[in-house]
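Chemist: below: sequence and its predicted model.
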Amino acid sequence: IFARTARMLMAYLFFFTAFSSWEGRTPWPSRLSLLPCHIFLELTSKSYWYKRLQHSAMSSSFAGATCLVVGATDPKSIGYTCAAGLLKAGAGRVCILGRDADKVKTAKDQLGAVSTGGTVDGIVGDMKKPETMASLLEQAVMQLGGTLDVLIISVGNGKSEYLGLDPESAEGYRMSYDVAVLSPQFLVDAAAPFLTKSTQKGGGSVVLVGTMAPNVPWPDTAPYNYARAAQNCMVETLAFRHRLDNIRVNAVLPSCIHTGALDLMAAKKGTSVEEYAALRADAQPTGRNGTPEEVADAALFLAGSGASYMTGELMKVDGGLHLSSWFNRPKITKTFVGGTD
């Protein structure tokens with residue numbers, strides 16, 4: 001009420017001063033006298049305070065936090081965007097995990113450039129090897145100074161495995177399950193003794209970046225779909241298991257997001273990135289693909305103090321895809337399956 005009243009008074013003063021002079025030519029001293037009014041209007045505007053509060057809330061959620069982000073080496077990826085968001089929000093230490101040593105080093109240097117004071121470390125590991133997760137978590141915690149507040153797992157969202165899996169081969173199903181279920185499970189198991197000691201509001205937090213794929217029965221991606229459906233069940237199971245341990249476990253479920261994986265899919269299918277992105281966007285109820293930033297914002301919300309009473313949540317970040325289905329779009333079906341419009 002105060003802000004609205006103030007804006008009305010300032011607007012009245014502006015127009016009174018402007019039209020009180022001949023032909024609307026207000027003398028310069030009078031115009032300059034309005035400058036504080038304009039500043040006051042800006043400071044009382046809803047958008048100004050919303051942005052300030054949003055930044056303040058995000059910063060307070062992660063100030064000094066120690067975080068491990070799995071799958072954060074590609075600057076176009078959701079994981080990398082999450083890591084950058086944590087650093088911008090004041091995280092004290094962030095460790096990234098990836099399977100390519102060169103990419104880990106490059107991403108570490110790039111993320112260090114966007115940090116507001118926190119440090120960035122990196123370790124090399126492969127989510128296709130569940131038996132190594134406990135030792136990798138131990139390495140990460142050592143890099144983080146012996147504590148862990150936030151664990152974000154963002155892997156298996158595309159790239160060569162997603163595109164090259166044979167739905168008629170048992171090996172593809174095993175590999176998908178290792179990446180989406182067993183490795184995250186073992187990471188959380190190893191992380192629990194550290195997460196439970198977190199002093200962050202809401203306690204230690206685990207966020208998995210999942211997918212809406214289990215809701216889209218696309219036969220060619222069956223290994224991926226099945227594993228991701230199991231991952232959703234795992235999130236809820238872990239959330240219940242750790243409900244009294246000062247640990248929250250949640251997930252975000254994006255639909256088609258324009259990451260580097262989408263560019264790779266376009267190349268595999270022999271089409272341009274623009275054409276393929278447009279085709280996928282046409283299948284979304286909102287008429288566009290999502291961005292890594294939009295998914296990362298949701299993931300960081302779940303990881304932060306604003307979601308301190310949320311656990312076991314499978315948060316859709318899908319542009320309304322759950323209201324429909326890719327199979328409601330004949331063009332998609334014709335392009336990838338065959339048939340008529």
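Modeler: All right, it came through fine.

Chemist: all helices for the stretch 51-200 of the chain, in order.
Modeler: If DSSP state H, counting those that start in this stretch is used as the criterion, the helices of the stretch 51-200 of the chain fall at 78-88, 101-114, 133-143, 159-164, 170-177, 183-195.

Chemist: need those in a markdown table (columns: mean pLDDT).
Modeler: Shown next, in a markdown table, are the helices of the stretch 51-200 of the chain (pLDDT from 0 to 100):
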| stretch | mean pLDDT |
| --- | --- |
| helix 78-88 | 96 |
| helix 101-114 | 96 |
| helix 133-143 | 98 |
| helix 159-164 | 53 |
| helix 170-177 | 92 |
| helix 183-195 | 98 |
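
Chemist: now, of the ones you listed, which is deepest in the fold?
Modeler: helix 78-88 (a mean of 27; mean count of other CB atoms under 10 Å). Just so you know, the C-beta spots here come from the backbone N, C-alpha and C atoms, and that holds for glycine as well.

Chemist: and that one, how far from the chain's centre?
Modeler: Its chain's C-alpha centre and that of helix 78-88 lie 8 Å apart, by CA atoms, centre = their mean, to the nearest Å.

Chemist: for the residue positioned nearest the centre of the chain, what are its contacts?
Modeler: The centre of the chain sits closest to Ala296, judged by CA atoms, centre = their mean, with a distance of 1.7 Å. Listed by CB atoms under 8 Å, 6 or more residues apart in numbering, the contact set of Ala296 reads 78, 81-82, 84-85.

Chemist: in the protein, which strand is the longest?
Modeler: Counting residues, the longest strand found in the chain (DSSP state E) is strand 247-254.

Chemist: that one: partners in the sheet, and parallel or antiparallel?
Modeler: Strand pairing for strand 247-254, determined by DSSP bridges: strand 204-209 (parallel), strand 314-317 (parallel).

Chemist: closest to Leu195 out of these?
Modeler: In terms of CB to CB, the element of the strands paired with strand 247-254 nearest to Leu195 is strand 204-209, at 2.7 Å.

Chemist: quick one: neighbours of the nearest residue to Asn215 once chain neighbours are set aside, just the number.
Modeler: In space, and not counting its chain neighbours, Asn215 is closest to His322: 6.2 Å by CB to CB, 6 or more residues apart in numbering. Applying other CB atoms under 10 Å, we find 14 other residues in the vicinity of His322.

Chemist: flag the shaky bits of the chain, pLDDT-wise.
Modeler: 1-60, 157-164, 325-341 (pLDDT under 70).

Chemist: which residue ranges form the strands in it?
Modeler: 66-70, 93-98, 119-124, 150-153, 204-209, 247-254, 314-317.

Chemist: would you mind writing the CA trace of stretch 63-81 as CSV?
Modeler: C-alpha atoms of stretch 63-81 as CSV (Å, rounded to 0.1, in the frame of the first residue of the first chain):
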residue,chain,number,x,y,z
ALA,A,63,26.2,-18.8,2.1
GLY,A,64,29.3,-20.8,3.0
ALA,A,65,27.8,-24.1,1.9
THR,A,66,29.9,-27.1,0.7
CYS,A,67,28.4,-28.7,-2.4
LEU,A,68,29.1,-31.6,-4.7
VAL,A,69,27.7,-31.4,-8.2
VAL,A,70,27.9,-34.6,-10.3
GLY,A,71,27.8,-34.1,-14.1
ALA,A,72,28.9,-30.4,-14.3
THR,A,73,31.7,-30.3,-17.0
ASP,A,74,29.7,-29.2,-20.0
PRO,A,75,28.9,-25.4,-19.9
LYS,A,76,25.6,-26.1,-21.7
SER,A,77,24.5,-28.7,-19.1
ILE,A,78,22.1,-28.4,-16.2
GLY,A,79,24.7,-29.7,-13.8
TYR,A,80,27.2,-27.0,-14.8
THR,A,81,24.5,-24.3,-14.5
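
Chemist: list the buried residues for it?
Modeler: Within stretch 63-81, the residues scored as buried using 16 or more other CB atoms under 10 Å are 65-75, 77-81.

Chemist: now swap in stretch 221-234 and tell me
Modeler: 221-232, 234.

Chemist: now stretch 314-322
Modeler: Under 16+ other CB under 10 Å, the buried positions of stretch 314-322 are 314-319, 321.

Chemist: export those residues to TSV and tack on distance to Thr147?
Modeler: As requested, the buried residues of stretch 314-322 are exported to TSV (distance: CB to CB, whole Å):
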residue	distance to Thr147
Leu314	28
Met315	26
Lys316	32
Val317	29
Asp318	34
Gly319	36
Leu321	37
